[in-house]
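J.: Okay, here's the prediction I keep looking at, along with the sequence it came from:
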Amino acid sequence: MVLLLHLNNVDEEQWAKSLGKKLGQYLIVRQGDNYNPSEIKYIFVWKPDEGAFDGLDNLKAILCLGAGVDALLEHRSLPKDVPIVRFVDDELAQCMSDYVVANVTMHHRLFCRYQSDKQNKTWSQFFPPPANERSVGIMGLGELGKDAITKLKPLGFKLLGFSRSKKQIAGVTTFAGEQEFDDFLRQSEILVNLLPLTNETKHILNYDNFKKLKRSKNFTPVIINAARGGHQIESDIIKALKDKTLGAASLDVFEIEPLPKSSELWQLENCFITPHIAAISNPQTGVNYFSKIIIDHEQGKPLSNLVDRKRGY
Ligand code: NDP
Ligand code: OXD
């Protein structure tokens, strides 16, 4: 069995060393090595180049370093009938939930307002309500959305969830499909996006949808996007942050990454920017995960966490 590593923008050499320790019985090659493409059985990819899959005619599986596969599915020469396994990991989920909890709590406690009061040396006591009076809508109830709910629940927030198929989650009001989307938005004050990027979810974070969010005298709706830049229309976010359709936004992902220096988002006080760091695939847990997938599959077990190409996630 030969495993090919084709990892860009991460330390491929380190992954090769660590995988080598776990998969000693198998041959591991890297991009640039001299190998026979038709002997490659598994390819482990991140941001694959145009020719990444050339000549790989005997692949058993494509292993994707990330949880999101939108870019991979767009690859022009992605082999058609080869199963794709994506990354599902407790630590990845924990990191994403850390990001979500930090941002939800920050907005709930009106840090933006008090930061601006500080600039003006203003002492203005407004007491944020308890968390059980604040509604948080989570878009995407998959691996990451479910974990975020588990971590937000003990904090007391009113939780709402939106997915494609209907879910039953204790203590969460759930909505499914396009027909229930507006009801979900109308009840959400803080909107958290943890959807995969697909044809259906592209540009879901747009001005029309921002206008539907729940607003009150003391709270202007907030969005938190930790999924993909393709979910958002940045010109709409800028407009909404300026005209107070949105009180604030926390963005970890952008239409173009790195976010261009010319973007107005950098200038807006009520826009919190992080450089796509909400949750990163951890090499330790990743090596355990992907080596187990390969060993199990070589022993005849089925692949897990497969991507459904038709759904796009
Ligand atoms: P999952 O595939 O486990 O979950 C996806 C969820 O979205 C499911 O609940 C699914 O519904 C729902 N969904 C999909 N399409 C629609 C739709 N059209 N309408 C409503 N709901 C929909 O994904 P993960 O939770 O593992 O990851 C989510 C995304 O997070 C990734 O795709 C990636 O883009 C992003 N990510 C970002 C990171 C970062 O650092 N910023 C790090 C890791 C991931 P159903 O349950 O019915 O199928
Ligand atoms: C992912 C990411 O999809 O890091 O895993 O964005």
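T.: Arrived safely. A quick note: this is a predicted structure, and the numbers were derived from the prediction, not measured. Residues are numbered from 1 along each chain as shown. Ligands and ions are numbered 1, 2, ... in the order given.
J.: Could you check how far whichever residue of the stretch 101-250 of the chain sits closest to ligand 1 is from Arg311?
T.: Closest to ligand 1 within the stretch 101-250 of the chain is Gly142: 1.7 Å, counting by C-beta to the nearest ligand atom. No exception for glycine: its C-beta is placed from N, CA and C like everyone else's. Applying C-beta to C-beta, to the nearest Å, the value for Gly142 to Arg311 is 11 Å.
J.: and what of Leu5?
T.: Distance from Leu5 to Arg311, by C-beta to C-beta: 27 Å.
J.: Same drill for these two, tell me which one is more crowded.
T.: Leu5 (22 against 10; other C-beta atoms under 10 Å).
J.: so that one touches Leu27, yeah?
T.: No - Leu5 is beyond contact range of Leu27, at 11.5 Å (criterion: C-beta atoms under 8 Å).
J.: Ligand 2 contacts on the stretch 1-150 of the chain?
T.: Residues of the stretch 1-150 of the chain found near ligand 2 (C-beta under 6 Å from any ligand atom) are 66-68, 87.
J.: Widest-spaced pair of these?
T.: For these, the farthest-apart pair by C-beta to C-beta is Gly68 and Phe87; their separation is 9.1 Å.
J.: Kindly state the domain boundaries assigned to this structure.
T.: 2-89+281-298, 90-273 (automatic domain parsing).
J.: quick one, which of these is nearest to Asn305?
T.: domain 2-89+281-298 (4.6 Å).
J.: And ligand 1, is that closest one touching that?
T.: Yes - Domain 2-89+281-298 lies within reach of ligand 1 by C-beta under 6 Å from any ligand atom, at 67-68.
J.: do stretch 161-169 as well
T.: Yes - Stretch 161-169 reaches ligand 1 (C-beta under 6 Å from any ligand atom) through 162-165.
J.: Please, a PyMOL command that selects the buried ones among those residues?
T.: The following PyMOL line selects those of those that are buried, judged by 16 or more other C-beta atoms under 10 Å:
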select buried, resi 162+163+164
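J.: Would you format the residues of stretch 161-169 next to ligand 1 as TSV with pLDDT included?
T.: Converted to TSV, the residues of stretch 161-169 next to ligand 1 look like this (pLDDT from 0 to 100):
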residue	pLDDT
Phe162	99
Ser163	98
Arg164	98
Ser165	98
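J.: which ones among the residues of stretch 161-169 next to ligand 1 are found in strands?
T.: Taking DSSP state E, the ones among the residues of stretch 161-169 next to ligand 1 that sit in strands are 162-163.
J.: Among the residues of stretch 161-169 next to ligand 1, which one lies nearest to Ser250?
T.: Taking the residues of stretch 161-169 next to ligand 1 together and measuring to Ser250 by C-beta to C-beta, the closest member is Phe162, at 18.2 Å.
J.: one step back: mind putting the domains of the chain in TSV, distance to Asn305 included?
T.: What follows is the domains of the chain, written out as TSV (distance: least, C-beta to C-beta, whole Å):
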stretch	distance to Asn305
domain 2-89+281-298	5
domain 90-273	9
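J.: burial count for Ser97?
T.: 22.
J.: Go ahead and confirm it touches Thr150.
T.: Yes - in this structure Ser97 lies within contact range of Thr150 using C-beta under 8 Å: 7.4 Å.
J.: Outside of whichever helix or strand Gln179 is part of itself, which residues are in contact with it?
T.: Taking DSSP states H and E as the criterion, Gln179 maps to helix 178-186. For helix 178-186, the external contacting residues (C-beta atoms under 8 Å, 6 or more residues apart in numbering) are 137, 139, 160, 162, 175, 191, 209, 212-214.
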